[in-house]
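A.B. asks: My questions are about this predicted structure, shown below with the sequence.
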Amino acid sequence: MQHPQHFELLTLRDWVRWGASQFNEHGLFFGHGTDNALDESLALVLHALHLDHAMSADYLDARVTGEEAKRIMQLFHERIDRRVPAAYLIGEARFAGLDFYVDENVLVPRSPIAEPVEQGFSPWLDPEHVGSVLDLCTGSGCIGIACAYAFPQALVDLSDISPAALDVAARNIERHHLEGRVRALRADVYDGLDDERYDLIVSNPPYVSSAEMAQLPAEYRHEPELGLEAGDDGMDVVARILSGAAGYLRPGGIMVVEVGASAELLMARYPDVPFLWLDFERGGDGVFLLTAEQLDEFRDSFEENGA
């Protein structure tokens, strides 16, 4: 990446445009909180200048100092030379309208599950009757913590097998002042959990196959492999989640799980199960919903295929 002369780039707007052009020229991948070069460049410029996205657009025409330009260039270098996603460079990501701390011990929040969370999982749940939520494979804790906002009377358990991920989740619990209602638990799917039953189980588990993992863009190499890859067909963790779910949901409860592009594999593995695939206004797919009653009805099939 060539360094521009400082007099060539004067304003925030200049730096955002130039950064976006550089990102496109170097063939960066966007899929970790932003989906285009301009938004990625803007996020990094604002972070370097300690500014908020909510600021007036008028400030885009403000001048950038020499020291500020150096900070911007350092972030651009990291993004281009090492392919580090912007969320890790900033140490923050937004999910369901909330800000979360992130580092390379957790996936960058981006699940389309944010949309049904914001809607309180309507029409399947009544927020006034949701008393407990389990977020399996929680990572940063973003889904479960967002659920705590959606269901203000609920107790929320965030579980993960990774101690490093749980440290991030705990930091986000504290950041959102939810220590009284949300806890982080170490568990390997259900192994390690109490005998609690939940009104809602939600999860964005690992579901990338070994072959797909090898083909992912370089940006994904900064994310924990434990949070992405799940065996030869990507179904190892999802199968375990399904096999034990009936024992952890209360009557009338629901389970919502993201499996992304592995949806067809899942349906082929369980051809008789009536998965409900959710639609999203803001894009995304591969998220299914099953009721407690359906999970109990097909318990034998799930247990046979969950080993």
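C.D. replies: Alright, I've got the coordinates.
A.B. asks: Low-confidence bits of the stretch 1-150 of the chain, can you list those?
C.D. replies: 1-7 (pLDDT under 70).
A.B. asks: cutoff 90 now
C.D. replies: 1-8, 31-35, 52-57 (pLDDT under 90).
A.B. asks: ranges for the strands of the stretch 201-307 of the chain?
C.D. replies: Using DSSP state E, counting those that start in this stretch, the strands of the stretch 201-307 of the chain run over 249-258, 276-277, 287-291.
A.B. asks: how big is the angle separating the longest one from strand 287-291?
C.D. replies: This points to strand 249-258. 170 degrees (axes from the mean of the first three to the mean of the last three C-alpha atoms, to 10 degrees).
A.B. asks: tell me what strand 249-258 is packed against?
C.D. replies: On a contact count with 3 or more C-beta pairs under 8 Å, 6 or more residues apart in numbering; DSSP states H and E, strand 249-258 meets strand 198-203, helix 236-245, strand 287-291, helix 292-297. Any C-beta I mention is one placed from the backbone N, CA and C, and that applies to glycine too.
A.B. asks: Please work out which of these is packed deepest.
C.D. replies: Most buried of these, by mean neighbour count (mean count of other C-beta atoms under 10 Å): strand 198-203, with a mean of 26.
A.B. asks: Out of the strands of the stretch 201-307 of the chain, flag the one nearest G33.
C.D. replies: strand 249-258 (16.0 Å; C-beta to C-beta).
A.B. asks: quick one: buried residues of that closest one?
C.D. replies: Residues of strand 249-258 classed as buried: 249-250, 253-258 (neighbour count, 16 or more other C-beta atoms under 10 Å).
A.B. asks: Also stretch 169-189?
C.D. replies: For stretch 169-189, by 16+ other C-beta under 10 Å, it's 169-173, 176, 178, 181-185, 187, 189.
A.B. asks: Need the residues that contact it.
C.D. replies: Contact partners of stretch 169-189, identified using C-beta atoms under 8 Å, 6 or more residues apart in numbering, comprise 98-101, 106, 136-142, 144-145, 148-149, 154-161, 163, 166, 192-193, 237, 240-241, 244.
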